[in-house]
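Colleague: Below: sequence and its predicted model.
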Amino acid sequence: MNWPVEHGGTGWTPVQKYIFDQEYQSAGCPRLSPFGLTMVGPVIMEFGTVAQKDTYLPKILSAEHMWCQGYSEPGAGSDLASLKTKAELDEAGATYIVNGQKIWTSHAHYADMIFCLVRTSTEGKRQEGITFLLIDMKSAGLEVRPIVSIDGGHYLNEVFFRDVEVPVENRIGEENKGWTYAKFLLGHERTGIAGVAKSKRKVEKIKEIAAIEQSGGAPLIEDGDFRTRLAKVEIELSALEYTNLRTMTAENAGQGPGPEASILKIRGTQIEQELNEIFVNALGHYAIPVSTGRGWPPPNEPTIGPDYAVGRTEELFLRRAASIYGGSNEIQKNIIAKAILGLTG
Ligand SMILES: Cc1cc2nc3c(=O)[nH]c(=O)nc-3n(C[C@H](O)[C@H](O)[C@H](O)COP(=O)(O)OP(=O)(O)OC[C@H]3O[C@@H](n4cnc5c(N)ncnc54)[C@H](O)[C@@H]3O)c2cc1C
């Protein structure tokens, strides 16, 4: 729904997309994988060759190709420009030979393709020696190893490259200009980053559960402390929604999300994490049996307690990472300090 008509999308305005997202989430629909649809897809549309557009875009839309994002490395997360995974052109100039390692690669174990930032030059500024490659996950020499996260689930991976051959046609744009395309992609990654629709749905769910769960012989929803805590975060969520709508007005007028996206990211993830805590508190004892449903390997025991308790503590644990992925909240604060408040040094 976020794609232009010429590439098979709806051509909707940012506000139309926002409305769709609200309805989609409140209907409890499954989350779509962002790596193809909202990350590499727009990069291919903007900077790809005709052959790249014809090859990859239809397969992203049909979900024939699942993608993953190979940016982070051990030692290159917030400071992404220090990445070391190396790509060298062979003598014929037809194939890149890639060596190195990526980490925290979400969904690499399902992915057909990975879009990668690789180092093609160590001369000059670090940002000017990076190239953007599209790599087939079935390439010889590419190995995926799982990282099991604190909730017991397997979403994350390490990806190793040993003499992986990548045809030069799989390069996006020019060699050593990958940073430009990567920044364009990060702008898209931030769309919808506030997670307003998801958090609103969570508030509704908490209210439903608090009407069932008991505290001191009465429904939890009648407990003053509980109501105050929930009301406070609901007010903050409402303020976030209006901030989000204001940035969208600017987007409708053709301006990018800009540094204001950092405000949405920080507040959005703080609210998400607070709601997860309230949710788990509301469940009482049923929050204790964890790892029912998400464990690795998956458990086969029946779940304990009501269905609405399943996976909530795991969600609390997993979403501790929300203030890290997509650019940590400290980095977002640095952006606000520089770009909005004009602070330097
Ligand atoms: C669940 C999850 C999924 C992820 N999925 C992907 C993925 O699919 N693809 C991918 O490429 N990456 C992915 N990442 C990686 C993510 O982008 C990085 O974890 C993130 O950018 C932070 O980098 P780092 O982990 O190396 O931490 P570091 O950069 O080492 O940071 C460590 C701490 O220091 C702070 N810090 C660092 N620099 C500064 C500074 N200049 N000023 C103030 N504080 C600073 C950070 O905020 C953080 O608290 C994922 C991460 C997680 C947790």
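Modeller: Now that the structure is in, tell me what you want to look at.
Colleague: Spell out which residues sit in contact with Arg319, please.
Modeller: Shown here is Arg319, whose contacts under the criterion Cβ atoms under 8 Å, 6 or more residues apart in numbering are Thr269, Glu272, Gln273, Asn276. Quick note: C-beta positions are derived from backbone N, CA and C, even for glycine.
Colleague: now do 6 Å
Modeller: Listed by Cβ atoms under 6 Å, 6 or more residues apart in numbering, the contact partners of Arg319 are Glu272, Gln273, Asn276.
Colleague: What does Pro42 show for phi and psi?
Modeller: Backbone geometry at Pro42, expressed as degrees, to the nearest 10, gives phi -60, psi -30.
Colleague: How many residues are close by it?
Modeller: 21 (other Cβ atoms under 10 Å).
Colleague: thinking again about what came up before, of the contacts of Arg319, select the buried ones using a ChimeraX command.
Modeller: Selecting only the buried entries of these in ChimeraX, with 16 or more other Cβ atoms under 10 Å as the criterion:
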select :272,273,276
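Colleague: Need the contacts of Arg319 in CSV (columns: distance to the ligand and pLDDT).
Modeller: Listed next are these as CSV, based on distance: Cβ to the nearest ligand atom, whole Å; pLDDT from 0 to 100:
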residue, distance to the ligand, pLDDT
Glu272, 13, 97
Gln273, 13, 98
Asn276, 14, 97
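Colleague: Which stretches in the stretch 1-150 of the chain count as strands?
Modeller: With DSSP state E, counting those that start in this stretch, the ranges of strands along the stretch 1-150 of the chain come out as 67-70, 86-89, 95-103, 113-119, 130-136, 142-148.
Colleague: And these: which comes nearest Glu46?
Modeller: Of all these, strand 130-136 sits nearest to Glu46, with 11.6 Å by Cβ to Cβ.
Colleague: Contact residues of the stretch 151-300 of the chain facing the ligand?
Modeller: Residues of the stretch 151-300 of the chain lying near the ligand by Cβ under 6 Å from any ligand atom: Leu156.
Colleague: Run through the stretch 151-300 of the chain and note the low-pLDDT ranges.
Modeller: Counting by pLDDT under 70, the stretch 151-300 of the chain has low-confidence residues at 188-191, 256, 291-299.
Colleague: Look through it and state the residue closest to the ligand.
Modeller: Minimum separation of the stretch 151-300 of the chain from the ligand (Cβ to the nearest ligand atom) falls at Leu156, amounting to 5.7 Å.
Colleague: correct me, but that residue touches Trp104?
Modeller: Yes: using Cβ atoms under 6 Å, Leu156 makes contact with Trp104 at a distance of 5.4 Å.
Colleague: which of these two has more neighbours?
Modeller: Trp104 (22 against 18).
Colleague: any idea how far the closest residue to that one other than its chain neighbours is from Ile103?
Modeller: Take Trp104 and drop its neighbours on the chain: the residue closest to it by Cβ to Cβ, 6 or more residues apart in numbering is Ser72, 4.9 Å away. Going from Ser72 to Ile103 by Cβ to Cβ, to the nearest Å gives 6 Å.
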